[in-house]
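[1] fold the following and give me the result.
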Amino acid sequence: MSTSAPMPRWAKVLIVVGVLLGVVIGLAISSLRVLQGMLEYGVSAVAFDLPQSHVEGQEWGATHDEASCIEEGLVRAMPCADPMLCPAAASLFTHGCLAAAADTTETCAAVPALDDRDGMRTWAVQSCEARGLGNAPNCVSLFEQGVARYCAGDGPGRGQNPQEEGTVETMKSE
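    Next up, the predicted model:
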């Protein structure tokens, strides 16, 4: 029977430190690759897709009515793999489409003011539920961002442009 000498303490510490260092380096490399992919995807999407969505909406809306714009916006928003980019693109499409579409008074009739957050949320959820979509976040976002902001903008039966509210220029004029 041979008995081997116990491993020295410094060797155990060295092995543990080496394993931990390897795990930290592996996580850092993985994180950097994920971050790089997110930045490449995010920058290209924001730089190219979002403005194009608004233009596509304007072109599509030129030959459709407001109700069709909302329905097409929902088709673009539901379902979607990107929980941030798709609702934004669909909302921009819808806003552009509504701006170019034939006006109907029904579209903006029940839309609460932008500063009525509770009323806005209730209206958006009810609008989605009426279409059988429950309170799906992409649908609610489309109504809050695309439809409500359009209805708050310039035009027949609409309030002032929401893009101007709260800016330095409007605060100076008050």
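[2] can you give me the helices for the protein?
    Here the chain has its helices, by DSSP state H, at 9-44, 50-61, 66-77, 85-100, 106-109, 117-130, 137-141, 148-152, 168-173.
[3] among the ones you listed, which comes closest to T3?
    helix 9-44 (17.5 Å; C-beta to C-beta). C-beta here means a position set from N, CA and C on the backbone, and glycine is covered the same way.
[4] quick check: D49 touching A89?
    Yes: with contacts counted by C-beta atoms under 8 Å, D49 reaches A89, the gap being 5.8 Å.
[5] those two: who's more crowded?
    Counted by other C-beta atoms under 10 Å, D49 and A89 do not tie: A89 has more neighbours, with 25 against 16.
[6] which residues touch that one?
    D49, L50, S53, R76 (C-beta atoms under 8 Å, 6 or more residues apart in numbering).
[7] can you report how many residues lie near the closest residue to the last one other than its chain neighbours?
    By the measure of C-beta to C-beta, 6 or more residues apart in numbering, the closest residue to R76 outside its immediate chain neighbours is A90, 4.3 Å from it. Close neighbours of A90, defined as other C-beta under 10 Å, add up to 26.
[8] what's the separation between A90 and L133?
    13 Å (C-beta to C-beta, to the nearest Å).
[9] give me the common contacts of the two.
    Contacts common to A90 and L133, judged by C-beta under 8 Å, 6+ apart, are L74.
[10] coming back round to it: of all pairs in the contacts of A89, which one is the farthest apart?
    The two members of the contacts of A89 with the most space between them (C-beta to C-beta) are L50 and R76, at 12.3 Å.
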